[in-house]
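**Student:** only the shape, not the letters, is given here:
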């Protein structure tokens, strides 16, 4: 198959000659990689790009060849791969919250009442924090996790996410504001419960 055919022609030809599908990769991998990097950062984008093209290759027989370009189809696959990645990340955040809560309750101290108060706080706060972090917009969550969990500086976060330092500051400020809202809501609930 000549490389200059439409994506539809290339995909149709790849059903008989699978190696021809590489042309679709050559045409669209760069744009899809940039899209994924903007969503999940450079390190996560590479394996996700591989997933996108693996799925596209496996499903190439289902491609509607009445469309000359495979670009929208590939972006649809990429969006689904990202959604699955985010669900997995949210589950990891919740598991981390549960682990942090169990660690907070496993350290004995002299005053048992402090242990009980910490256990209650950990059991209620960590899952809420994990849910709040999972609910942050992608850019805010990425910046916050790089700052808090990975201990990166603003400059390092800017380099990692390929964004200006000012954008890092804005994203972190917005993420902190959203988490403060969670904390103030939690405080109001505690005041209502406490006599």
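**Tutor:** Now that the structure is in, tell me what you want to look at. Worth saying up front: this structure is predicted, and the values here are computed from it rather than measured.
**Student:** state the next helix or strand along the chain beyond the lowest-mean-pLDDT helix or strand in the chain.
**Tutor:** Ranked by mean pLDDT, DSSP states H and E, the weakest helix or strand in the chain is helix 112-135, scoring a mean of 63. Per DSSP states H and E, the first helix or strand lying C-terminal to helix 112-135 is helix 138-148.
**Student:** let me see the mean pLDDT of that following helix.
**Tutor:** Per-residue pLDDT over helix 138-148 has a mean of 82.
**Student:** chain center to the next helix or strand after it: distance?
**Tutor:** Proceeding N to C from helix 138-148, the next assigned helix or strand is helix 154-161, under DSSP H and E. Put simply, helix 154-161 sits 17 Å off its chain's centre (C-alpha atoms, centre = their mean, to the nearest Å).
**Student:** from the rest of the structure, what touches helix 154-161?
**Tutor:** 41-42, 139, 142-143, 146-147, 152, 164-165, 167-169, 172 (C-beta atoms under 8 Å, 6 or more residues apart in numbering). Yep, even glycine has a C-beta here, placed from its N, CA and C like the rest.
**Student:** what helix or strand is the most centrally placed residue in the chain on?
**Tutor:** Centroid-nearest residue in the chain: residue 86, 4.3 Å away (criterion: C-alpha atoms, centre = their mean). For residue 86, the element it lies in under DSSP H and E is helix 71-106.
**Student:** give me every residue that touches the residue nearest to the centre of the chain.
**Tutor:** Residues near residue 86 by C-beta under 8 Å, 6+ apart: 134, 138.
**Student:** how near is it to residue 11?
**Tutor:** 28 Å (C-beta to C-beta, to the nearest Å).
**Student:** just checking, residue 53 touches residue 29?
**Tutor:** Yes: in this structure residue 53 lies within contact range of residue 29 using C-beta atoms under 8 Å: 7.0 Å.
**Student:** more neighbours: these two, which one.
**Tutor:** Under the neighbour definition other C-beta atoms under 10 Å, residue 53 and residue 29 were set side by side, and residue 53 has more, 19 against 16.
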